[in-house]
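Asks: Structure, please.
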Amino acid sequence: MALKDIFGETPIIKILDHLIDHKGFDYTKTEIAEHAGIGWSTLNRHWEKLERWNLVKATRTIGRATLYTLNIDNPIVQKLLKFDLEAADYMAEKIAQEEITGKEIRKPR
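Replies: Sure, this is the predicted structure:
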């Protein structure tokens, strides 16, 4: 969730955000598109880039469907996971501070 809050809702960010939030699970491309809130053709336009950078990997095949997951062995993915955790902690702290003080803390633009 943190990636979308910070970087916006581009298709690649939506895909990565979903896979980060559900790290360890595998999905078909159709399921990834559905859960990320993008169309299947949009996912396919960006999928090659995710594979080329080894950000995703195939895990298994069920019938004709291939399932994919986030490639947690990739150093870029490891940094994204760390960044997502740090960003989520930062956002949680800000929300808690807002609740304590009763003042809304504006997000940086």
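Asks: longest helix anywhere in this structure?
Replies: The single longest helix within the chain, with elements called by DSSP state H, is helix 75-101.
Asks: Buried residues in that one, which are they?
Replies: Taking 16 or more other Cβ atoms under 10 Å as the basis for neighbour counts, the residues of helix 75-101 that come out buried are V77, L80, D84, A87, A88. For glycine as for every other residue, the C-beta is placed from the backbone atoms N, C-alpha and C.
Asks: The third one touches L3, doesn't it?
Replies: It refers to D84. Yes. Because the distance of 6.1 Å satisfies Cβ atoms under 8 Å, D84 is recorded as touching L3.
Asks: what is in contact with those two at once?
Replies: Residues within reach of D84 and of L3 at once, by Cβ atoms under 8 Å, 6 or more residues apart in numbering, are I20.
Asks: would you list every one of the strands in the protein?
Replies: Along the chain, the segments classed as strands by DSSP state E run 27-28, 56-62, 65-70.
Asks: Let me know which of those strands is the nearest to F7.
Replies: Nearest of those to F7, taken as Cβ to Cβ: strand 65-70 at 16.7 Å.
Asks: Within its sheet, name the partner strands of the closest one and how each one runs.
Replies: Sheet neighbours of strand 65-70, with direction, are listed as strand 27-28 (antiparallel), strand 56-62 (antiparallel) (DSSP bridges).
Asks: if we compare these, which one ends up closest to I13?
Replies: Nearest to I13, of all those, is strand 56-62, at 14.1 Å by Cβ to Cβ.
Asks: Now do the closest one: everything it contacts.
Replies: Strand 56-62 has contacts (Cβ under 8 Å, 6+ apart) with L19, D26, W47, L50, T66, L67, Y68, T69, L70, N71.
Asks: nearest to E98, of those residues?
Replies: If you rank the contacts of strand 56-62 by distance to E98 using Cβ to Cβ, L19 comes first, at 29.2 Å.
Asks: With the flanking residues excluded, which residue is spatially nearest to the closest one?
Replies: L70 (4.1 Å; Cβ to Cβ, 6 or more residues apart in numbering).
Asks: ok so, going back, name only those of the contacts of strand 56-62 that count as buried.
Replies: Among the contacts of strand 56-62, the ones that count as buried (16+ other Cβ under 10 Å) are L19, D26, W47, L50, L67, Y68, T69, L70, N71.
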